[in-house]
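# Kindly generate the corresponding structure for this input.
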Amino acid sequence: MSEQSEPAERELAVTVPGRGCDGCTLCCKLLPIEELAKPASAWCPHCDPGRGCRIYADRPSPCRGFYCGWMVNGKVAAHWRPRDSRMVLDFQPTRKRLVLHVDPGRPDAWRKPPYHTDLQAVAGMMAETGGHVLIACGPNFTMLLGRQEFPLGRLLPSDKIVYYRRPGPTGWAYDVTVNPGTADEQHPGSGAVSMGDR
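Modelled structure (predicted):
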C-alpha cells in the first residue's frame with residue numbers, strides 16, 4: 001500500500017458524507033503493505049475480515065493515510081462500494097492515474113456492467129490529459145488507455161510500462177511495452193509507469 005500512497009493528498013482526504021468502511025475490509029486484502037511484508041491480494045494478518053483492523057491504533061502510516069476512491073470521491077457511483085463491487089478504487093492524481101484493485105476471487109468483476117462502461121469513460125477522460133487506468137488483479141495487470149485495453153500479465157516492482165500515443169483514424173492510438181528494470185527513455189506523447197509506484 002505504501003507504494004501507491006500520495007502522502008500529502010491522503011492526509012487531507014475527507015470522506016463523502018454517509019460513506020464509511022462499515023465493515024468493509026477489502027483494502028486490507030487487495031493492497032500490498034510493504035511495512036507489514038503483506039503482498040497484494042492476501043489478507044493482512046492483523047485484519048479481522050468484515051470487522052476491521054486488530055492493530056488499528058498502531059497501524060502503519062500507509063494504512064492510516066489510505067482512503068478508497070469510493071469513500072472520498074462523491075462523483076463515484078454507489079455501485080463501486082468495495083464490499084459490493086469486490087474492487088477498490090485508488091485515485092492517484094499526481095501520477096495521473098486510477099489504480100483499480102480487483103479481488104482475485106472475482107477477476108472479471110471490472111468487465112461487467114456498469115463497471116466496464118464507467119472505466120472506459122474514465123480512461124477516455126484521463127487519456128486526454130496523459131493519464132491512464134491500471135487494473136491490478138493479484139500479480140496480473142491490465143492498462144486502459146482511452147478505449148484500448150492492454151493485458152500486461154505479471155509484473156515485477158522493477159518493471160516499467162512505457163506507452164506511446166500517436167494519431168489514429170478515429171482519435172489517439174496507443175502502443176504499450178513493458179521494460180524490465182528502470183532504464184527508459186521518454187519520447188514526446190509517451191509516458192512511463194514504474195511498477196514500484198503501484
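# Show me what the mean pLDDT comes to for the lengthiest helix in the chain.
Longest helix in the chain by number of residues (criterion: DSSP state H): helix 115-128. Mean pLDDT, helix 115-128: 94.
# can you check stretch 89-106 too?
95.
# Now do the end-to-end distance for stretch 34-44.
One end of stretch 34-44 sits 11 Å from the other (C-alpha to C-alpha, to the nearest Å).
# Go through that stretch and flag the buried ones.
36, 38, 40-41, 44 (16 or more other C-beta atoms under 10 Å). C-beta coordinates here come from the backbone N, C-alpha and C atoms, glycine included.
# what comes into contact with that stretch?
1-3, 28-33, 45-46, 49, 53, 60-62, 101, 103-104, 136-139 (C-beta atoms under 8 Å, 6 or more residues apart in numbering).
# and those residues, which of them are in strands?
53, 101, 136-137 (DSSP state E).
# wait, isn't H132 in contact with L144?
Yes. Counting by C-beta atoms under 8 Å, H132 does reach L144; the two are 6.4 Å apart.
# Which neighbours do the two have in common?
A123.
# Okay, strands next: where are they in the protein?
So, for the chain - with DSSP E - the strands run 47-48, 52-53, 87-92, 97-102, 132-137, 140-145, 148-154, 160-168, 171-179, 190-194.
# how far is the fourth one from where the chain is centred?
The one in question is strand 97-102. Here strand 97-102 shows a centroid-to-chain-centroid distance of 2 Å under the convention C-alpha atoms, centre = their mean, to the nearest Å.
# quick one: strands adjacent to that strand?
strand 87-92 (antiparallel), strand 132-137 (parallel) (DSSP bridges).
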